[in-house]
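Undergrad: Structure, please.
(4 chains)
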There are 4 protein chains.
Amino acid sequence: MTKMKAAVFVEAGRIVLEEKPIPDVGPLDALMRVTTTTICGTDVHILKGEYPVAKGLTVGHEPVGVIERLGSAVRGYHEGQRVIAGAITPSGWSNACQCGFGAQDGAGTAHGWKPLGGWRFGNTIDGCQAEYVLVPDAMTNLAVVPDELSDEQVLMCPDIMSTGFGGAESGGIRIGDTVAVFAQGPIGLCATAGAKLSGATTVIGVDRIAGRLEISRRMGADIVIDSSREDPVQAILRLTGGRGVDVAIEALGIQDTFEACLRVLRPGGTLSSLGVYSGDLKIPLGAFAAGLGDHKIITTLCPGGKERMRRLMSVIQAGRLDLSPMVTHRFKLDDIEKAYDLFSHQRDGVLKVAITP
Amino acid sequence: MTKMKAAVFVEAGRIVLEEKPIPDVGPLDALMRVTTTTICGTDVHILKGEYPVAKGLTVGHEPVGVIERLGSAVRGYHEGQRVIAGAITPSGWSNACQCGFGAQDGAGTAHGWKPLGGWRFGNTIDGCQAEYVLVPDAMTNLAVVPDELSDEQVLMCPDIMSTGFGGAESGGIRIGDTVAVFAQGPIGLCATAGAKLSGATTVIGVDRIAGRLEISRRMGADIVIDSSREDPVQAILRLTGGRGVDVAIEALGIQDTFEACLRVLRPGGTLSSLGVYSGDLKIPLGAFAAGLGDHKIITTLCPGGKERMRRLMSVIQAGRLDLSPMVTHRFKLDDIEKAYDLFSHQRDGVLKVAITP
Amino acid sequence: MTKMKAAVFVEAGRIVLEEKPIPDVGPLDALMRVTTTTICGTDVHILKGEYPVAKGLTVGHEPVGVIERLGSAVRGYHEGQRVIAGAITPSGWSNACQCGFGAQDGAGTAHGWKPLGGWRFGNTIDGCQAEYVLVPDAMTNLAVVPDELSDEQVLMCPDIMSTGFGGAESGGIRIGDTVAVFAQGPIGLCATAGAKLSGATTVIGVDRIAGRLEISRRMGADIVIDSSREDPVQAILRLTGGRGVDVAIEALGIQDTFEACLRVLRPGGTLSSLGVYSGDLKIPLGAFAAGLGDHKIITTLCPGGKERMRRLMSVIQAGRLDLSPMVTHRFKLDDIEKAYDLFSHQRDGVLKVAITP
Amino acid sequence: MTKMKAAVFVEAGRIVLEEKPIPDVGPLDALMRVTTTTICGTDVHILKGEYPVAKGLTVGHEPVGVIERLGSAVRGYHEGQRVIAGAITPSGWSNACQCGFGAQDGAGTAHGWKPLGGWRFGNTIDGCQAEYVLVPDAMTNLAVVPDELSDEQVLMCPDIMSTGFGGAESGGIRIGDTVAVFAQGPIGLCATAGAKLSGATTVIGVDRIAGRLEISRRMGADIVIDSSREDPVQAILRLTGGRGVDVAIEALGIQDTFEACLRVLRPGGTLSSLGVYSGDLKIPLGAFAAGLGDHKIITTLCPGGKERMRRLMSVIQAGRLDLSPMVTHRFKLDDIEKAYDLFSHQRDGVLKVAITP
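TA: Coordinates of the predicted model:
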């Protein structure tokens, strides 16, 4: 067998299932047979032509699967192992990687840094909404899935959970902190869970959709605010007696939530930003204390690498968090175009879909 | 003697020398006889009415002097000791102080936080452009000056040096870093010196004034860029082979330099902001990598407290840095209105003035 | 009323209830009427004469009570408020405090540092096993108890919980870590809870007493090891596939557990030490990789101050942790000698006692 | 040409120059033609049989040279480039590497950690006291030498400088710190330089050899103590007014200096340990404040990787440090046995030798 099915970006508005050759395996690669994958908000941006990728590229960056074939230089794995790889697949050896910034991996550049360079699947190389996917730098990126965990249980690890938890971690949350998370989509929900797991004792989830606020509570929010009903900035300042929160996490990617984060921060607080923005941002003078408030703004791109994946899977295995409520719909790969239709229109209360080739 | 001379804010455009009563000393206070002080850019904002303070307030926040009288509860000092206090005088006991944010001291509030609350001299209480100044929470704030150091040698410690060094420290500079400092006024020059002292091996000073670039070299810049002659963003990207800098320090407080800092940052880099802004700021989408560049933006208000002052004086005592070239003009307190005139118009190449009552 | 009852150290082997004058209130002090307190292992060392204190000193350092009278310079509180103070009562203004080391507060020294200097109650000043206790530097140390919480619910905050959590925090625990806690007495149990609350996904509790291992599970241990039945070092290395743990917490204070911590650490791991040792310690060459294993050993003395207390109470208020199972016995202050007898002999499965004046 | 000369461990007491085949180049390797190398104290331990290596192994781990041949999978380099590699050559992709602990690289293990696993040259694979050396994981480890720098100028980067600076960095030195460095051999001298470069304002160098103390001053020590003439613990406590130092660096590897470090630390201070110990260590109860002094002990194995090398070379290129005074003797590879004789007996004031094949 030399052919496989793959969801391919054809042009703005069209991602279609096509036949492609199963790729050759280079010395450092591994070929993974995909058993479960999912669609991400970023894929919708690609679909709409808002984020440019090459025509003919296979999309998708959240693979769960089985090792089909290993590159000649790959050691420490064997065929048939069940594995995941992160959405971000750092080389491991670039200068950026050696500084702890694998997501900004500049493996091909003279100095070793490239913005977003670690994001390769479905961006600069073929992705995993396909029957097979080639995992680059396999020894850096393949993480073996514990037998006890199902595909769906680990399906959020490559991107959603790593990103959401990254937002909590970059916030430097300490025991006893009050944390607000703006937007409770999949990433915001994981940020909420990550904040709780990091020791925050008041986690406030904000969204406009009642169903999401309900899940927010299950993921660890102590308090939820429906921003379609009340101004979340006023509500949070009231809840904190005018003090504000220690850490505010932005999980939507728009001016409104970015700004709200600043407005609810106590002096010396941290805005941990996860959103993908589509325009310039404004920092309001007052909320920024004219630059004198000892504020921190930090952005985090989904951390990758096998050790990251191992840690995230250990959270699930230890029963600290159950992300299965997030998988609201299931599709066969053959029906992926229907899945895109549902997901891109956010119909039927969809949070995440599971795609099985 | 019960009266003293003090430079008082009367109305926008007028700071005048007046007679005022020498203040009473509360149990935790110390009365300092001021021997040397200086004028800060912030004082000019006050003079112009751009930063509001109460009419009748004595301005100034950079005191060097001698202990004249101690509050009844103050231990560990004696009258006649030569001391300084920081521009920021934290209480020591607020929640903000206990979290390490003395500059955001909310000593009077229920929750213990207040933006800029640690800045009291010449802001919420009488300042030190006077013959005497009352130092609040004296045990937290009075730092004894080593005999070897002159008044002028330590005159920059309370504000300029603490702020500039704070910018370098908040940047998290590591050995081998490349650092750009935008604007080489007094604070930028101290940030340049602080970056070098922190282990940066390429420190790039940027300004439009040739004289400042010359001092910048003396303060530790390896490379200087005259932004009146070339675009500093282009120049820095060229100098770093397209990689960008690890840390960029903003020391002016305008959109232009803030934005330039972002444009020269490598992915994962830190913008350490010291400027006092006077309007909303814009974050350009591209320079911010749409929120995916693992960037950090951090603001720092001048750290205060006696331990901070002790450390800064130790830098000077150890010969690591000589800030005396910064004192370009000297005035008696009686002539402080002339000093304001010179300093506010930035005439005659003035960097900092020394005022002696 | 000018007299009160107090548990006083008379000589090795004798702590007795005596009448003493209710203390005068200095300008920075607060007089607290004690409503609940407890006995600590350290008090037993004092009782036995193993830790020297002045004869006639009132012992005890874990006060819950009500503000009876405030010093003339104290602001922000009012009489009748229910409060706690930490076992460690830093001044807030010493150099050590300004460096974040309030437990090593050298308020009375020239340079501002003193080993254990922040521990004053029942050590260098009268403690709280009495009807009244004088809280020094009240504005730094008094934390208001939320109405929802009972005395017993916050009784562990001043020492046991602050120390145990401090061990987890000093370990720098990250999401996904494996942590072993050696000894599951009150402090070890709080370290176990703190490790879980910090994101550890495998928390291993070690002790020789079955009853403690049972509570250990309730406090958050994923795995417990009965060291009277199997060698915990072997067991932990087996459980971790030979890798070892990321962080090992010592909570007993003897060579055996200190050494076991080192033996179960992975390279680059952290030994977080909480125990009070009574002799020199040995670091075994092999477990220390001859000094080349990138190991860290860090000791933590109970953090104090009102912000610390506020954070710990927020953990309880948020329902993250219930320490009430630790209070196994209750006594009136009049019967404190019986309480010492029970506690010092560790009879009847005692973990902690509540003493009510 | 298929043969090369190499210094080979034959048996305890004998390292001899032998002919060996030039190694084959695997896909991830690079073959370096060595132009300059040196002998380390560790090599002397190997010579004496105190540190066991396989018979027939080529020793040496500090290579400067030229790329002779690149593995088939290596990108980003070309033959003829002048390069160095660290003494520690991490894989880049192990779990240890992904946690920032490349020196504890467990590339071959199931869990990815191995004590000292990153040290391969002259330990587990052939080293560089030879005409050629095979550099493993070349893309992680090869750092291009700037044209301006001579071989001897960068000869200390792979080990001595990386280790010494690592000691300063692990100490967490801040601006204004007082730091003591015990022993001023090559590593201690680099720790001294690293402490100064990190912002310490009082650096105290301790040794028994006058010549070394002289170099210590040149490397940045503000104060030197001849421990053959006075007790350094007493001297340091006197110099610091009884306060002690913020950071003490151990650079010898014996009980005496390890213990002295603890005795001169202020509470809350850090002992940064670089020495290779040859027996169990004792922690004295008093110096350790019975475990209650908030002390930190941290050990550091020489950090490796190309980014580390790049940073260290930038220090030299920027003129921050000149290590050439350390090269006191020069030998041809043919005379390496004489070099071992001189160096192992520490004759003729030798600090470091340069060996040129």
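Undergrad: what does chain A put close to chain D?
TA: Residues of chain A lying near chain D by C-beta under 8 Å from any C-beta of the partner chain: A:26-28, A:72-73, A:75-76, A:91-93, A:95, A:97-100, A:102, A:107-108, A:110, A:112, A:137, A:139-140, A:305-308, A:310. No exception for glycine: its C-beta is placed from N, CA and C like everyone else's.
Undergrad: Can you say which of those residues are buried?
TA: With burial judged by 16 or more other C-beta atoms under 10 Å in any protein chain shown, the buried subset of these is A:26-28, A:73, A:76, A:91-93, A:95, A:97-99, A:102, A:107, A:112, A:137, A:139-140, A:305-308, A:310.
Undergrad: Next step: the residues of chain A next to chain D restricted to helices.
TA: Among the residues of chain A next to chain D, the members found in helices (DSSP state H) are A:Asn95, A:Cys97, A:Gln98, A:Met139, A:Thr140, A:Lys306, A:Glu307, A:Arg308, A:Arg310.
Undergrad: Out of those, which comes closest to chain B?
TA: Comparing those against chain B with C-beta to the nearest C-beta places A:Asn95 closest, at 8.6 Å.
Undergrad: Domain parsing of chain A, as residue ranges.
TA: By the assignment in automatic domain parsing, chain A contains the domains A:3-86+A:121-155+A:323-356, A:161-299.
Undergrad: quick check: mean pLDDT across the shortest one?
TA: Meaning domain A:161-299. Domain A:161-299 carries an average pLDDT of 97.
Undergrad: Okay, now it: how far is its last residue from its first?
TA: One end of domain A:161-299 sits 16 Å from the other (C-alpha to C-alpha, to the nearest Å).
Undergrad: any residue of that domain up close to chain C?
TA: Yes: under the criterion of C-beta under 8 Å from any C-beta, domain A:161-299 makes contact with chain C via A:Phe165, A:Glu169, A:Arg174, A:Ile175, A:Gly176, A:Gly194, A:Leu197, A:Ser198, A:Gly199, A:Thr201, A:Thr202, A:Asp222.
Undergrad: Show me which of these is closest to chain B.
TA: Once C-beta to the nearest C-beta is applied, the member of those that ends up nearest chain B is A:Arg174, at 9.2 Å.
Undergrad: doesn't the closest one fall inside a helix?
TA: No: assessed with DSSP: H, G, I helix; E, B strand; the rest coil, A:Arg174 is coil; it does not lie in a helix.
Undergrad: wait, which of the domains of chain A is closest to B:Val66?
TA: Comparing the domains of chain A by their distance to B:Val66 (C-beta to C-beta), the top pick is domain A:161-299, with 30.3 Å.
Undergrad: does any bit of the closest one sit next to chain B?
TA: Yes: applying C-beta under 8 Å from any C-beta, one finds domain A:161-299 touching chain B at A:240-244, A:253, A:266-268, A:273-285, A:288-299.
Undergrad: Quick one: the strands in the stretch 1-150 of chain A, in order.
TA: Counting by DSSP state E, counting those that start in this stretch, the stretch 1-150 of chain A has strands at residues A:3-11, A:14-21, A:30-36, A:64-70, A:82-84, A:132-135, A:143-144.
Undergrad: Let me know which of the ones you listed is tucked in deepest.
TA: strand A:132-135 (a mean of 27; mean count of other C-beta atoms under 10 Å in any protein chain shown).
Undergrad: Just say helix, strand or coil for the closest residue to A:Glu50 other than its chain neighbours.
TA: The shortest distance from A:Glu50 to any non-neighbouring residue, by C-beta to C-beta, 6 or more residues apart in numbering or on different chains, is to A:Ser278 (7.2 Å). Following three-state DSSP, we place A:Ser278 in the coil state.
Undergrad: A:Ser278 touches B:Leu285, doesn't it?
TA: Yes: counting by C-beta atoms under 8 Å, A:Ser278 touches B:Leu285, with 7.4 Å between them.
Undergrad: Please report how far the closest residue in space to A:Ile160 that isn't next to it in sequence lies from chain B.
TA: Of all residues not flanking A:Ile160 in the chain, A:Pro186 sits nearest, at 4.7 Å (C-beta to C-beta, 6+ apart). According to C-beta to the nearest C-beta, to the nearest Å, A:Pro186 stands 17 Å off from chain B.
Undergrad: One more: A:Val233?
TA: 16 Å.
Undergrad: Next, the buried residues of the helix or strand where that residue lies.
TA: When elements are assigned from DSSP states H and E, A:Val233 belongs to helix A:232-239. By 16+ other C-beta under 10 Å, the buried positions in helix A:232-239 come out as A:Pro232, A:Val233, A:Ala235, A:Ile236, A:Leu237, A:Leu239.
Undergrad: if we look at the helix or strand that that helix is followed by, which residues are touching it?
TA: Next along the chain after helix A:232-239, taking DSSP H and E as the criterion, comes strand A:245-250. The list of residues contacting strand A:245-250 from outside it, by C-beta atoms under 8 Å, 6 or more residues apart in numbering or on different chains, reads A:167-168, A:171-174, A:177-183, A:188, A:191, A:195, A:200, A:204, A:236, A:257-258, A:260-262, A:264-266, A:269-275.
Undergrad: Which members of those residues occur in helices, if any?
TA: Counting by DSSP H, the part of the contacts of strand A:245-250 found in helices is A:Gly167, A:Ala168, A:Gly188, A:Ala191, A:Ala195, A:Ile236, A:Thr257, A:Phe258, A:Ala260, A:Cys261, A:Leu262, A:Val264.
Undergrad: Name all residues that make contact with the first one.
TA: Applying C-beta under 8 Å, 6+ apart, one finds that A:Gly167 lies in contact with A:Val181, A:Ile187, A:Ala191, A:Gly194, A:Ile249, A:Ala251, A:Ser272, A:Ser273, A:Leu274, A:Thr300.
Undergrad: Which member of the residues you listed is positioned nearest A:Ala354?
TA: Using C-beta to C-beta, A:Ile187 is the member of the contacts of A:Gly167 that lies nearest A:Ala354, at 17.3 Å.
Undergrad: how many neighbours does that closest one have?
TA: 30 (other C-beta atoms under 10 Å in any protein chain shown).
Undergrad: Roughly how far does it sit from A:Asn123?
TA: Applying C-beta to C-beta, to the nearest Å, the value for A:Ile187 to A:Asn123 is 17 Å.
Undergrad: Check A:Arg310 too.
TA: As defined by C-beta to C-beta, A:Arg310 lies at a distance of 24 Å from A:Asn123.
Undergrad: ok, now A:Ala96?
TA: Going from A:Ala96 to A:Asn123 by C-beta to C-beta gives 16 Å.
Undergrad: now, the most widely separated pair of the buried residues of helix A:232-239?
TA: Farthest apart among the buried residues of helix A:232-239 by C-beta to C-beta are A:Val233 and A:Leu239. That separation is 10.9 Å.
Undergrad: No further queries at this time; thank you.
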